[in-house]
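[1] how would this look folded up:
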Amino acid sequence: MYQRLQNLRQNSRSVDDYTTEFHQLVARNDLAETEEQLVSRYVGGLREQFQFTLNMFELFFVSDAYQKALQIEKQASRRPSSTPWSTTARPTVGNTSAKPIASLPPTTPPAIRAGVGSGSGSKCFKCGEPGHRAFECRKGE
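    The predicted structure is shown next:
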């Protein structure tokens, strides 16, 4: 029984299933470990991605680690497998529905685009008048 506890890993099981077996094995082995040691043993058996997240928290009881692990599991199940922008940023081979990057709308706001190059729409930061920029201003000399 002790060997089973030592080798206990969550693997593909749910947090609930892993926790149930963890508690059963701890009870059967009648361990004389501190709560801190039990928390460490519990977290060490969880999936690696859960361990990394749980290690950011100060956990004093196995029940605290269990509650956090449930939250992480719930969030992980909600996450989409791919990011929403992945099809436009990196079109997949053979996907004809993805727009090429060149046809995407420009990211610069229209007010700024209109003023680039023509001088119109831009204001001087020194005198506040339109038509030129501060480095071209002759009023502050």
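
[2] So the protein: which segments form each domain?
    2-78, 109-141 (automatic domain parsing).

[3] And the contacts of whatever helix or strand Gln24 lives in?
    Using DSSP states H and E, Gln24 maps to helix 15-29. Residues outside helix 15-29 that contact it (CB atoms under 8 Å, 6 or more residues apart in numbering) are 1-2, 4-5, 8-10, 38, 41-42, 45-46, 50, 62, 66, 69-70, 73. For every residue, glycine as well, the C-beta is placed using N, CA and C.

[4] A ChimeraX selection for the residues you listed, restricted to the buried ones, would help me check which they are.
    Buried subset of those, written as a ChimeraX selection, criterion 16 or more other CB atoms under 10 Å:
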select :5,8,10,38,41,42,45,46,50,62,66,69,73
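
[5] Restricted to helices, list the contacts of helix 15-29.
    Counting by DSSP state H, the contacts of helix 15-29 place 2, 4-5, 38, 41-42, 45, 50, 62, 66, 69-70, 73 in helices.
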